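Undergrad: just to be clear, the model below is a prediction. Sequence and coordinates:
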Amino acid sequence: MASNNANKSWLGTHVALLMICAGFIVPFAWMLSTSLKTSAEAMVFPPKIIPSPANWKTYQDVWHHPRFDFPLYARNTLVIAALAVAGTTISSALVAYGFSKVRFRGRGVLFGMMLSTMMIPFPVTMVSLFALYRWLDVHTPIQFLGTNKPLWLPACFGTAFNIFLLRQFFMTIPDELSEAARIDGCSDFGIFWRIVLPLSRPALSCVALFTFMGVWNDFLGPSVYLQHPEQYTLALGLSQLQGYRGAVTDWNLLMGASTLVIAPLIILFFLTQRTFIQGIATTGMK
Amino acid sequence: MLLLGGTLLAFGPRPHGKIPPGRVVVSYWEKWSGQEADPMRAVIEDFNATVGKEKNIFVEYVPMATVQYKTLAATAAGVPPDVAGLWPDQVVQYSLRNAAMPLDELAREYHIKPEDYKKVFWDMCRYQGRLYALPTTPAVIVLNYNKKFFYETADKLRAAGLDPTRAPQSIAEFDKYAQALDVYAPGTNRLIRAGYFTMEPTWYDTVQNIWFGGHSWDERTQKYNLLTPANIATFEWIASYSRRMGKQNLVDFQSGLGAFSSPTNPFLAGTVVMEQQGQWMGRLIDIYKPDMAQVIVPFGVEPFLPRVLRPFNYDWGIAAFPSNVPGVKDASYDVTDVLMIPRGARHPREAFEFMAFTQRQDQMEKLCGMSGKNSPLMATSDEYVYSNSNPYIDIYDRLAASPNARANDQTPIYNEALSLIEVAVQQVYLMQQTPIEALTEAQREIDKRLASQDELAAARAAWSSR
Amino acid sequence: MTAAPTTTATNTAAPALMAQPTIAAARPRPPKSGWGDIGKGLAFLSPWLVGFTVFTIVPIALSGYFSLCDYSLLDPPMPIGLDNYRALMKDQWFWNSMKVTAEYAILALPAGMLVSLGLALLLNRPIRGRAIYRTAIFLPTLVPVAATAMIWLWLFNTKLGLINYVLGKIGIPPVPWLTSPSVALPAMVFMSLWGVGYTVVIYLAGLQDVPAELYEAAELDGATGWRRLWHVTLPMISPVIFFNLIIAIIGVFRVFEIPLLMTNGGPARATQFIAMYVYDNAFLYVRMGYASAMAWIQLILVLILTGIAFWTSSRWVHYQGK
């Protein structure tokens, strides 16, 4: 039904999107272009949008920077992200199963309580969490403060947003499947492990992706809990490229490092955005 | 992606251990990173190779953003560093909360004596009769001016009865200079160059009263008193600049100012002719605006220029703050980086061994010399003055030793009061309030905080002695 | 086929599920007793129950206790009753930060909703290069905060920045974005629109869930354009709108890093958000008890606001299954 009308709207959509995306890309483009300048060129006015010649050395400098150890920070971030992703995916799925497939009194109330935890702003608990970890440090043999545990351990007990997402997805899995398995002598955990989990791959990968991106870019958490530069994450490490009062001496380095930090995320999003969106779509969000 | 991540996890870099085995590791957290950290790193290298090697101590430098909060949090958590590089504000803040170790005895043991220091810096390290810190690199904030524009405007300045070859000395004089140096876009009233601009930089607007001999904190009564004649005069003066330029000009002009560490820095770009800054202006010029540093000889030849001629090679000039107060000359605003030992540090003795090392004249001169700063110590070697990259090092040295070198107030609510005074300045600058209104409001809020602070301190004393 | 969005494309993992996105007709098993499978249920919920207790209940209770104390982290908390709350009521800068946050919310919530929904509608059209457009819109949410602040400081500069340069080209005088107390907050709202990527993605997901048959039916009824949007799309995605509204309300109380890095709350505290004032009191002034009292007021406010949203939601949120 490719009418003239449809063609026109198709063109209009492209034009509108191109213009809007240009607006969205400008700041990012400036970041990229600054990263390809020398330190001296970076803050010259009027600015050159396309640096010539491109100073690719910035990236070499970032990689070997004495204060911004990209490989080390990347490793630290990956460790935390891996633990948080694995921890939250498994635990949230377990809890979501309990909320969707097991019937018991009080389930609704508990579910409501869980939803309301999403509304608590972090600063509310920031100070007392700190005090709590300190108490745990003193009264248990495990050290929390000054380690990366506070950044991934809570995730291993399920995250409200993820539980919510997965529960919505599990609700769409017909009960007939689990009933059939039960008749075959399958336990609840067996149903969860062998039937529900394999069927939920899109939602699980969506949870994993959201968590991964969240951990990758988290600044406040690491800045509160990590105390040693050798434990720094990428987002926190970036602050090492700034001086006192946020004064930046090498703008090209900061921008180059930022580009390096987000490059994996951009690729990840570009490759997975369909799954990403469908993962949420199938859950219905309601 | 997962594969790549896994590979990096498995074969990627591990936290590297450069620490020689068997040494006591002193962890040293410091606010400076980057080039600003290089001088201290050099001193540490020296220490680790000499005294440290001898006494089995190894100092590890850890640059850290917002070090003052993190040190406090880490101290509360029982995992503090051994040495923390902080500001004098923390001397009061930490000692009041029992978060800093008093250093009097260690200082005596290592023959560190008050008379070896410029008074202003030594006093910053003490609170209520005890020593909590030792100074490292000082910051001496003075009047900076762009000589090039003074010369360019010479006729106009002379016509106003001013001398274009020197900085203004009184505030009345300063105002005339500032007005003569203002430039408006032709045919409009749009300000494009300011002789002086209240909000450039924004860091010293709260200590502007030093120019007028004013004090916000009364040391004797231990109370804030903002409504003194000198403070009111300061605020009236700020308001007079805003009135002269007009509200629209203020916000427009400020919105066009460039970034501090860049060639667009208003002083380097020539957008503001006179402003308050520290010794770092020399280094900024060398990095971003070298043509301001080659008036006589080209960049690079300068080290061969006789010391006395070096200032002439700069468009950049410095002078003490102008003042109207009889007897007040050589006024400046002084701060210093300090080293402290947080309570609960694991190796306080080793930490102090290192701190004492930094106080040796040779090490201090290396540290301050590399930073282009003057030394907090009284004694200075000729070699240090001669080889310092800063052409005005002797002036900074003299101003820091002057009795009119002013430090931050030592008050139990310093940070809160400072931010309340800052709001008052901004309100007057933006002409939202009159000086009296703004000062009265700030005074009221500060009084409230101070009263509650005192009350709580008393209650706590009673509570903990229960 | 018409230009209706489809959900068929790629999902190979669970094609059967895609066909029936709504809850499968449940055949309830008779519960064993009045409590149902309480043991099994709690077993599955146990990770969350532990986490909820340790990382949510305990900290909230603790901060509630601190809010009734004088507490500086270093000394043990000393109970002082409701003094912190009393002082807060009289703290004009606390109210100022509440006002700033509220003004921001009034501007940023509707603006963000409109822009993100509009973008999602555009991006949902079956056009070539959708993936690239979507990535472009999502990109800004990935840029680290420090870099975002630096970039925008430059963009907003009257003399050196791009925005005023472009405005100048079309004859608009420069706007002092961040230095004028009346413009600084709207400038931050404008900036926040750059970060709508996450919201857009969630809307996109919601839009994919609207059954194509509904559009076809609407088309048969002669409904096009705006009418279709108003009568089909919006009601169908109202749960998603609701979800995003809740997330946005929570988000307003978290605005912190950008104003800290860009204006430090100025000029004259015109951009001092509540989260910044909490942080300043907690860490700069080391008044943890006072900060906790503020945090509690904040918590109660968020609960009230979201409560109102939930309460009104029955009027405008339509659930497909019902």
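TA: That came through fine.

Undergrad: so which residues on the stretch 1-150 of chain A come close to chain B?
TA: Applying C-beta under 8 Å from any C-beta of the partner chain, we find that the stretch 1-150 of chain A lies next to chain B at A:40, A:42-45, A:67, A:69, A:71-72, A:74-75, A:78-79, A:82, A:130, A:133-134, A:137-138, A:145-146. Where C-beta positions appear, they are placed from N, C-alpha and C, glycine not excepted.

Undergrad: would you mind checking the residues you listed for buried ones?
TA: Using 16 or more other C-beta atoms under 10 Å in any protein chain shown as the burial test, the residues of the stretch 1-150 of chain A next to chain B include A:42-43, A:45, A:69, A:72, A:74-75, A:78-79, A:82, A:130, A:133-134, A:137, A:145-146 as buried.

Undergrad: what sits against the residue of the stretch 101-250 of chain C found nearest chain B?
TA: Residue nearest to chain B within the stretch 101-250 of chain C (C-beta to the nearest C-beta): residue C:159, separated by 3.2 Å. Contacts for residue C:159 (C-beta atoms under 8 Å, 6 or more residues apart in numbering or on different chains) come out as A:45, B:255, B:256, B:257, B:258, C:174.

Undergrad: surely it is within a helix?
TA: No. Secondary structure of residue C:159 (DSSP: H, G, I helix; E, B strand; the rest coil): coil, not part of a helix.

Undergrad: residue B:26: which element?
TA: For residue B:26, the host element (DSSP states H and E) is strand B:24-30.

Undergrad: cool, residue B:139 as well?
TA: Going by DSSP H and E, residue B:139 is part of strand B:134-146.

Undergrad: can you pull the pLDDT of residue C:8?
TA: Note on residue C:8: pLDDT of 28.

Undergrad: okay but residue A:266 is in contact with residue C:134, surely?
TA: No. If you go by C-beta atoms under 8 Å, residue A:266 and residue C:134 don't touch, sitting 11.7 Å apart.

Undergrad: what residue ranges in the chain score low on pLDDT?
TA: No chain in the question, so chain A it is. Within chain A, the ranges that satisfy pLDDT under 70 run A:1-8, A:43-47, A:119, A:121-124, A:127, A:242-249, A:276, A:278-286.

Undergrad: should've been chain B
TA: Low-confidence segments of chain B (pLDDT under 70): B:1-18, B:299-300.

Undergrad: can you name the residue of it nearest chain A?
TA: The nearest approach of chain B to chain A comes at residue B:262, 3.6 Å away (C-beta to the nearest C-beta).

Undergrad: are we agreed that that residue is in a strand?
TA: No. Under three-state DSSP, residue B:262 falls outside any strand and is assigned coil.

Undergrad: check the gap between it and residue C:153 for me.
TA: Computed as C-beta to C-beta, to the nearest Å, the residue B:262 to residue C:153 distance reads 11 Å.

Undergrad: what's the answer for residue C:91, then?
TA: For residue C:91 relative to residue C:153 (C-beta to C-beta), the value is 30 Å.

Undergrad: about what we covered before: centre of the chain to the strand holding residue B:26, how far?
TA: Remark: strand B:24-30 is offset 24 Å from the chain centroid, using C-alpha atoms, centre = their mean, to the nearest Å.

Undergrad: what angle sits between that strand and strand B:134-146?
TA: Per axes from the mean of the first three to the mean of the last three C-alpha atoms, to 10 degrees, the angle that strand B:24-30 makes with strand B:134-146 is 30 degrees.

Undergrad: can you pull the buried residues of the helix or strand that strand B:24-30 is followed by?
TA: Per DSSP H and E, the first helix or strand lying C-terminal to strand B:24-30 is helix B:38-49. For helix B:38-49, the neighbour count (16+ other C-beta under 10 Å) marks B:39, B:40, B:43, B:44, B:46, B:47, B:48 as buried.

Undergrad: also stretch A:225-238?
TA: Residues of stretch A:225-238 classed as buried: A:225-229, A:231-238 (neighbour count, 16+ other C-beta under 10 Å).

Undergrad: what of stretch B:262-279?
TA: Of all the residues in stretch B:262-279, those buried under the rule 16+ other C-beta under 10 Å are B:262-279.

Undergrad: is it positioned near chain C?
TA: Yes. Stretch B:262-279 reaches chain C (C-beta under 8 Å from any C-beta) through residue B:264.

Undergrad: more neighbours, residue A:266 and residue C:134?
TA: Neighbour totals were compared for residue A:266 and residue C:134, and residue C:134 leads with 26 against 16 (other C-beta atoms under 10 Å in any protein chain shown).

Undergrad: the strand holding residue B:139 pairs with which strands, parallel or anti?
TA: strand B:272-277 (antiparallel), strand B:316-319 (antiparallel), strand B:332-340 (antiparallel) (DSSP bridges).
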